[in-house]
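Asks: Compute the structure for the input listed below.
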Amino acid sequence: MNLSHFCIDRPIFASVISIVITLGGAVAMFNLPIAQQVNGADNMIYMNSSSSSTGNLTVNAYFQIGTNPELAQVDVQNRVNLALPQLPSSESGVPKMLDWFAPGMRFNASST
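Replies: Model prediction:
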């Protein structure tokens, strides 16, 4: 008997599993300290992020044209540094700026 037949035969079990997965995703969504800290940087238009199963996080922050790149970089780096104490103690990677191009900025935080 495979999982699909098991869930079809037991719809309450399938519903409970769906609710648990949804709640897990909601908890994970609100537990993103780096993305929460970067959000709201001065003159930021929007940002997007992606993470991998190896522990790498990439956040792209896009700023208004005319924003001073050096000040934006310092602002984002300060916000990332505020989020570092909230990460698990096993985090050994230090966020670093990878690419810097106006009007966007990208940084990478990784753990091993």
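Asks: all strands of the protein, in order?
Replies: Remark: strands assigned in the chain by DSSP state E are 44-51, 57-63, 96-101, 104-109.
Asks: elements contacting the longest helix along the chain?
Replies: Using DSSP state H, we find that the single longest helix of the chain is helix 11-29. Helices and strands touching helix 11-29, by 3 or more CB pairs under 8 Å, 6 or more residues apart in numbering; DSSP states H and E, are helix 3-9. The C-beta positions use only the backbone N, C-alpha and C, and glycine is treated the same way.
Asks: Quick one: list the elements packing against the helix it packs on.
Replies: helix 11-29.
Asks: Can you list the neighbours in contact with the helix it packs on?
Replies: Helix 11-29 has contacts (CB atoms under 8 Å, 6 or more residues apart in numbering) with 6, 7, 8.
Asks: which of those lies closest to residue 82?
Replies: Checking the contacts of helix 11-29 against residue 82 by CB to CB gives residue 7 as the nearest, at 43.2 Å.
Asks: Excluding covalently adjacent residues, which one is nearest to that closest one?
Replies: Closest residue in space to residue 7, ignoring its immediate chain neighbours: residue 14 at 3.8 Å, by CB to CB, 6 or more residues apart in numbering.
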